[in-house]
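S.K.: Dropping the sequence and predicted coords here.
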Amino acid sequence: MSKNRSKSKYLSGLQCHKHLWLEINDPDKASPVSESQQRLFDQGKEVGELARSHFPSGYLIVVDRSRIFDSARETEKAISRGEGVIFEASFIHDDTIVLCDIIAKNDDGTWDIIEVKSAGEVKPATLSNFRSIEKI
């Protein structure tokens with residue numbers, strides 16, 4: 001059975017291996033979402049909407065991300081249509097799922113993946129050496 005892994009879980013695992021193991025293997029033992037956590041989730045959604053406003057010609061994938069294969073197909077269609085900026089894009093390759101907040105096509109045909117986060121500063125753990133990719 002495939003286990004859902006994400007960047008958030010990876011970063012969680014860097015802080016505590018046991019927490020990561022429980023998150024993946026026994027999520028029912030996780031604490032329920034508190035009011036303050038829910039507010040953070042809501043703020044994250046608001047920040048995502050604000051980030052999209054910086055790309056007025058962007059195309060939003062409206063398929064629920066829990067339907068990952070449908071979302072990936074819709075992303076593929078948007079790229080084929082020539083969309084230059086896509087919000088909530090999803091990709092699947094082998095057993096790897098990639099969920100992107102924003103992808104933006106460059107003039108040279110490469111794509112930038114833009115990760116949107118609500119924070120007062122850029123955190124070193126979220127930085128990546130990857131600037132753009134040749135082909136999605």
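M.R.: Nice, thanks for sending it over. Numbers count the residues shown, from 1 in each chain.
S.K.: contacts and neighbour counts: CA atoms only from here.
M.R.: OK.
S.K.: Surely Tyr10 is in a strand?
M.R.: No. Read with DSSP: H, G, I helix; E, B strand; the rest coil, Tyr10 is helix and lies in no strand.
S.K.: contacting residues around the residue nearest to it when sequence neighbours are not counted?
M.R.: Nearest residue to Tyr10, sequence neighbours excluded (CA to CA, 6 or more residues apart in numbering): Leu20, at 7.5 Å. Contact partners of Leu20, counting by CA atoms under 8 Å, 6 or more residues apart in numbering, are 9-10, 12-13.
S.K.: got those residues as CSV, with pLDDT and distance to Gln43 columns?
M.R.: Shown next, in CSV, are the contacts of Leu20 (pLDDT from 0 to 100; distance: CA to CA, whole Å):
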residue, pLDDT, distance to Gln43
Lys9, 72, 20
Tyr10, 72, 22
Ser12, 71, 20
Gly13, 75, 24
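S.K.: ok, which stretches of this structure are strands?
M.R.: In the chain, strands defined by DSSP state E lie at 59-60, 85-93, 96-105, 111-114, listed in chain order.
S.K.: Could you check the ones you listed and tell me which one is nearest Pro27?
M.R.: Proximity to Pro27, assessed across these by CA to CA, is greatest for strand 96-105 (19.7 Å).
S.K.: tell me what the closest one is packed against?
M.R.: Judged by 3 or more CA pairs under 8 Å, 6 or more residues apart in numbering; DSSP states H and E, strand 96-105 is in contact with strand 85-93, strand 111-114.
S.K.: on contacts alone, who are the packing partners of the last one?
M.R.: Counting contacts by 3+ CA pairs under 8 Å, 6+ apart, strand 111-114 packs against strand 96-105.
S.K.: burial count for His54?
M.R.: 9 (other CA atoms under 10 Å).
S.K.: Once you drop chain neighbours, what's closest to the most far-flung residue of the chain relative to its centre?
M.R.: Most distant residue from the mean C-alpha position of the chain: Lys29, 24.6 Å away (CA atoms, centre = their mean). Nearest residue to Lys29 in three dimensions, chain neighbours excluded: Leu22, at 7.3 Å (CA to CA, 6+ apart).
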